[in-house]
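Engineer: Please work out how this folds:
(2 chains)
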2 protein chains.
Amino acid sequence: MSKYELVYHAGIPGRAEFVRLYLEATGTPYEDKALTEGQDCIKPYMSGEFEGSDKNPTPFAVPVLKDGDVVISQTPNILLYLATRISAPLDLEGGENNTERSTKKAKSSPASFNDPDTFHANALTLTILDLNNEVHDTHHPVSVMSYYEDQKEAAKQKADDVRKNRMPKFLANFEKNLAKSSSGFLLPSGPTYADLALFQLIDGLKFAFPARLKKLLPDYPKVEALYERVKKAPKIKAYLESDRRQKYSMGIFRYYEELDGEE
Amino acid sequence: MSKYELVYHAGIPGRAEFVRLYLEATGTPYEDKALTEGQDCIKPYMSGEFEGSDKNPTPFAVPVLKDGDVVISQTPNILLYLATRISAPLDLEGGENNTERSTKKAKSSPASFNDPDTFHANALTLTILDLNNEVHDTHHPVSVMSYYEDQKEAAKQKADDVRKNRMPKFLANFEKNLAKSSSGFLLPSGPTYADLALFQLIDGLKFAFPARLKKLLPDYPKVEALYERVKKAPKIKAYLESDRRQKYSMGIFRYYEELDGEE
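Structural biologist: Below you'll find the predicted structure:
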């Protein structure tokens, strides 16, 4: 039995994907509960009836990570929790043919509260997830529980703003931080789960806004280079080619032609 | 000079308020830069030109906490950073006349990664801040940088959904967790900054949606009791009565009569 159990909706990468990528990139065994047991595995966590629940708050939403009796919710919180427990190095270098190999060795000890970089990785990830949330809102700007078809007018306005203003603003911040860092990763000290989160954000944006990203991404060459580097890292490449990587469909990143545009 | 410098827009409580309440409740000295130096104090952090910037990522937005050479951004991340460094107890008990005194002693050591409650407090706070963000979007559902007046139609739809569906869903989760906890606070082990965050969220909601909260809050008596308890805690009471507590105006919590309603 794997130490870590990941609980999330089956059938979409969704917010759990940020957690999966980190577990995969560090070679950490985990069980993806909805894929092995079905969608009902979520219910106990939402109702508060899960094992060991007296010591754990009832989560508001999935993803949830179960580590023995400890239950952790909220995507950035799960990532931080794992970072303080996983000692396997996060190797995001490409395969043998990669000529851009960084000289930075991947760290091989868990994150510590004494290290400011622990909080820098958390801040960067929170910012990446902020854009992830805004992208969700491009198709659901006024009501999470209503159909996209019932909020299309507001969705068009929201998507216009996210494409024109928000994407460049966030990408400029990521590019600036990559330019400040000598490692080729977001932090000078080497790769963190924030780099994986940025990979996943860009990957989702390329699916949901292909025309916009084709035009926009070349303006942020260091973001694009990081994306390509992570994609080719052996453990990530193997994961992306496996059936554990679920396809984009009706989750956060959706393709609606009418919401995309080059600007 | 105070150890901690807080950098945020002057004139609104905003997202920095969650940080201010924690600093005030623990009696931790801090300098609120925009109040002492003016609004321009933000600029270096956004441009990346701040002291010690080579070791710190450039923040995407304020609030920012400066602790010597260390610069920390993102509200929940600042709170977690402080929790790992502040050893002063978080005393949220009421004054002498409070008959509901908890038997739980306030902890007097910094948060540790070994303690799951460190991550539970973070998860609860992230959830509270999720609703805080949704409340912001009730007046700015389609574009952060455009005027409310230019997105009033979508704002009405968004506010309707937040009032009818989202507020009860979040409040039910907070109520459930308070009911599970024997301490009267969100965690059984005693008060954390998550309780302060919940206080601030409810306080803002009472300002922005007075009719809705008057109708809704009595359905969640433990949330209401926590709100009243925190409000009466001596350090919080003194802060709220001081001129350091800025008034709600054009920040996250705004009062637009047309967005409120009893349901």
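
Engineer: where does the stretch 151-263 of chain A have low pLDDT?
Structural biologist: Scanning the stretch 151-263 of chain A for pLDDT under 70 picks out no residues.

Engineer: residues from it in reach of chain B?
Structural biologist: Near chain B, the residues belonging to the stretch 151-263 of chain A are A:151, A:153-154, A:157-158, A:161, A:165-166, A:170, A:173, A:176-177, A:180, A:186-188 when assessed by CB under 8 Å from any CB of the partner chain. (Each C-beta comes from the backbone N, C-alpha and C, glycine too.)

Engineer: And the pLDDT for residue A:76?
Structural biologist: With respect to pLDDT, residue A:76 has a value of 98.

Engineer: same thing with residue A:48?
Structural biologist: The confidence metric pLDDT takes the value 86 at residue A:48.

Engineer: Burial check on it, number of neighbours?
Structural biologist: Other residues near residue A:48 number 17, with proximity taken as other CB atoms under 10 Å in any protein chain shown.

Engineer: Ok, residue A:108 next?
Structural biologist: 12.

Engineer: Hmm, residue A:89 and it touching each other?
Structural biologist: Yes. Because the distance of 4.3 Å satisfies CB atoms under 8 Å, residue A:108 is recorded as touching residue A:89.

Engineer: quick one: the helices in the stretch 151-263 of chain A?
Structural biologist: Counting by DSSP state H, counting those that start in this stretch, the stretch 151-263 of chain A has helices at residues A:152-161, A:167-180, A:193-208, A:210-216, A:221-232, A:234-240.

Engineer: Switch those helices over to JSON lines; also include mean neighbour count.
Structural biologist: Formatted as JSON lines, the entries for these read as follows, by neighbours: other CB atoms under 10 Å in any protein chain shown:
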{"stretch": "helix A:152-161", "mean neighbour count": "20"}
{"stretch": "helix A:167-180", "mean neighbour count": "20"}
{"stretch": "helix A:193-208", "mean neighbour count": "24"}
{"stretch": "helix A:210-216", "mean neighbour count": "16"}
{"stretch": "helix A:221-232", "mean neighbour count": "18"}
{"stretch": "helix A:234-240", "mean neighbour count": "16"}
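
Engineer: out of those helices, nearest to residue B:85?
Structural biologist: Closest approach to residue B:85 among these is made by helix A:193-208 (21.6 Å; CB to CB).

Engineer: Specify the angle between that closest one and helix A:221-232 in degrees.
Structural biologist: Here helix A:193-208 runs at an angle of 90 degrees relative to helix A:221-232 (axes from the mean of the first three to the mean of the last three CA atoms, to 10 degrees).

Engineer: helices or strands up against helix A:193-208?
Structural biologist: helix A:16-25, helix A:75-83, helix A:116-139, helix A:210-216, helix A:221-232 (3 or more CB pairs under 8 Å, 6 or more residues apart in numbering or on different chains; DSSP states H and E).

Engineer: What distance do you get for residue A:217 to chain B?
Structural biologist: Distance of residue A:217 to chain B, computed by CB to the nearest CB, to the nearest Å: 19 Å.

Engineer: do residue A:152 as well
Structural biologist: 11 Å.

Engineer: Leaving out sequence neighbours, find the closest residue to residue A:86.
Structural biologist: In this structure, residue A:86 finds its nearest non-sequential neighbour in residue A:26, 5.2 Å apart by CB to CB, 6 or more residues apart in numbering or on different chains.

Engineer: Tell me the predicted confidence for the one you found.
Structural biologist: At residue A:26, the pLDDT value in this model is 97.

Engineer: Next, it: phi, psi?
Structural biologist: Dihedral angles phi and psi of residue A:26 (degrees, to the nearest 10) take the values phi -100, psi 0.

Engineer: show me what contacts it?
Structural biologist: Counting by CB atoms under 8 Å, 6 or more residues apart in numbering or on different chains, residue A:26 makes contact with A:86, A:88, A:89, A:90, A:235.

Engineer: The fourth one should be in a helix, yeah?
Structural biologist: Which is residue A:90. No. Judged by DSSP: H, G, I helix; E, B strand; the rest coil, residue A:90 forms no part of a helix; its state is coil.

Engineer: Quick check, it in contact with residue A:111.
Structural biologist: No. With contact defined as CB under 8 Å, residue A:90 does not count as touching residue A:111 (10.5 Å).

Engineer: re the thing from before, may I ask which two of the residues of the stretch 151-263 of chain A next to chain B are separated the most?
Structural biologist: When these are compared pair by pair using CB to CB, the two farthest from each other are A:153 and A:188, 45.1 Å apart.

Engineer: Quickly note the distance from the residue nearest to residue A:86 to residue B:118.
Structural biologist: Using CB to CB, to the nearest Å, we find residue A:26 at a distance of 21 Å from residue B:118.

Engineer: Check residue A:69 too.
Structural biologist: 16 Å.

Engineer: which one of these two has more residues nearby?
Structural biologist: When neighbours are counted by other CB under 10 Å, residue B:118 comes out ahead of the other of residue A:69 and residue B:118, with 21 against 13.

Engineer: show me the contacts for that one.
Structural biologist: Under the criterion of CB under 8 Å, 6+ apart, the contact list for residue B:118 reads B:80, B:83, B:84, B:111, B:112.

Engineer: Tell me the one of those residues nearest chain A?
Structural biologist: Using CB to the nearest CB, residue B:84 comes nearest to chain A of the contacts of residue B:118, at 4.3 Å.

Engineer: How about the contacts made by the closest one?
Structural biologist: Counting by CB under 8 Å, 6+ apart, residue B:84 makes contact with A:113, B:110, B:111, B:112, B:118.

Engineer: what residues does stretch A:146-162 touch?
Structural biologist: Residues lying outside stretch A:146-162 but in contact with it, judged by CB under 8 Å, 6+ apart, are A:134-135, A:137-143, A:254, A:256, A:258-261, B:141-146, B:151, B:153-154, B:157-158, B:161.

Engineer: Just the buried residues of those residues.
Structural biologist: The neighbour-count test (16 or more other CB atoms under 10 Å in any protein chain shown) applied to the contacts of stretch A:146-162 identifies A:134-135, A:137-143, A:254, A:259-260, B:141-143, B:151, B:154, B:157-158, B:161 as buried.

Engineer: Would you confirm that residue A:44 contacts residue A:50?
Structural biologist: Yes. A contact is recorded between residue A:44 and residue A:50 when judged using CB under 8 Å, the distance being 4.2 Å.

Engineer: Of the two, which one has the most company?
Structural biologist: Using other CB under 10 Å as the criterion, residue A:44 and residue A:50 rank with residue A:50 on top: 19 against 16.

Engineer: Mind pulling up the pLDDT for residue A:136?
Structural biologist: You'll see residue A:136 listed with a pLDDT of 97.

Engineer: ok, residue A:135 touching residue A:204?
Structural biologist: Yes. When contacts are counted by CB under 8 Å, residue A:135 is listed as touching residue A:204 (7.0 Å).
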